[in-house]
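> what follows is a predicted structure for the sequence shown.
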Amino acid sequence: MTEELVRPDWARTDELLRHYYDTEWGVPVTDERGVYERLCLEGFQAGLSWRTVLAKREAFREVFAGFVPEVVATFTEDDVERIAADARVIRHRGKIRAAISNAQVTLDLREHAGADASVQGFEIPRVSGDPLVIELGLPALVWSFKPEVTPIPRVLADIPTQDAHSATLAKALKKEGMKFIGPTSAYALMEAIGVIDTHLVDSHRRGISRLYAE
């Protein structure tokens with residue numbers, strides 16, 4: 001009999017969440033578009049479940065032009081109303097405007113990377129294989145908050161919803177002008193894009209980022 005793979009409760013029964021957990025969650029995302037997209041989706045999740053957002057992700061990608069920052073940054077109030085009228089997505093005008101504003105901040109971070117060491121690209125060594133290459137701008141800012149050690153949870157209750165690193169990251173993002181980001185959503189962002197590894201220790205996905213020795 002095939003041994004059942006270990007997953008957290010949130011990814012155990014729902015097919016969409018299970019596939020997401022098995023293929024995406026915790027895999028390092030280091031490119032600007034990818035980090036910007038996930039930052040936006042975390043903002044849309046505020047007050048809702050990730051299942052709700054994930055089910056609408058393809059529609060979000062469509063209405064937000066693939067989350068290409070250069071395009072979204074040009075959106076106007078007409079685009080806000082266009083998106084708010086689309087029943088396939090979360091039609092919260094504040095969150096929609098935040099996504100547009102965050103695209104503009106993303107471009108600003110990229111532009112200033114040459115003069116600001118905190119947002120210049122860099123590499124992170126891995127336990128095995130080639131180093132992880134972090135793009136300049138928004139990815140560099142987010143990944144600069146990678147801790148030296150990651151949680152080692154045996155049960156879901158061992159995983160916090162925020163910590164000092166996510167609180168500092170949220171503060172830094174807000175300082176740059178990012179909206180709809182707080183310590184909890186920043187922690188979820190760090191988990192999702194592999195900055196930290198909160199897979200349960202006996203999960204088949206533990207260590208997928210190859211960034212932490214245990």
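It's in.
> so what touches the helix ranked longest in the chain?
Criterion DSSP state H: the longest helix present in the chain is helix 93-112. With CB atoms under 8 Å, 6 or more residues apart in numbering as the test, helix 93-112 has contacts from 32, 36, 39-40, 43-44, 46, 64, 69-73, 75, 79-80, 83-84, 119, 136-138, 141, 176-180. All C-beta atoms are positioned from the backbone trio N, CA, C, and that covers glycine.
> can you name every helix or strand that the helix or strand following that helix contacts?
Downstream of helix 93-112, the first helix or strand assigned by DSSP states H and E is strand 122-124. Applying 3 or more CB pairs under 8 Å, 6 or more residues apart in numbering; DSSP states H and E, one finds that strand 122-124 contacts strand 132-134, helix 138-143.
> could I get the buried residue list for the longest helix of the chain?
95-103, 105-110 (16 or more other CB atoms under 10 Å).
> nearest to T52, of the residues you listed?
T52 lies nearest to K95 out of the buried residues of helix 93-112, by CB to CB, at 12.7 Å.
> pretty sure R18 contacts A11?
Yes - R18 is within contact range of A11, at 5.2 Å (criterion: CB atoms under 8 Å).
> which of the contacts of helix 93-112 are buried? Put it as a ChimeraX command.
Selection of buried members from the contacts of helix 93-112 for ChimeraX, criterion 16+ other CB under 10 Å:
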select :32,36,39,40,43,44,46,64,69,72,73,75,79,80,83,84,119,136,137,138,141,176,178,179,180
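> out of the helices and strands packed on strand 122-124, deepest packed?
helix 138-143 (a mean of 25; mean count of other CB atoms under 10 Å).
> still on that earlier bit, with respect to E191, which of the helices and strands packed on strand 122-124 lies nearest?
helix 138-143 (12.1 Å).
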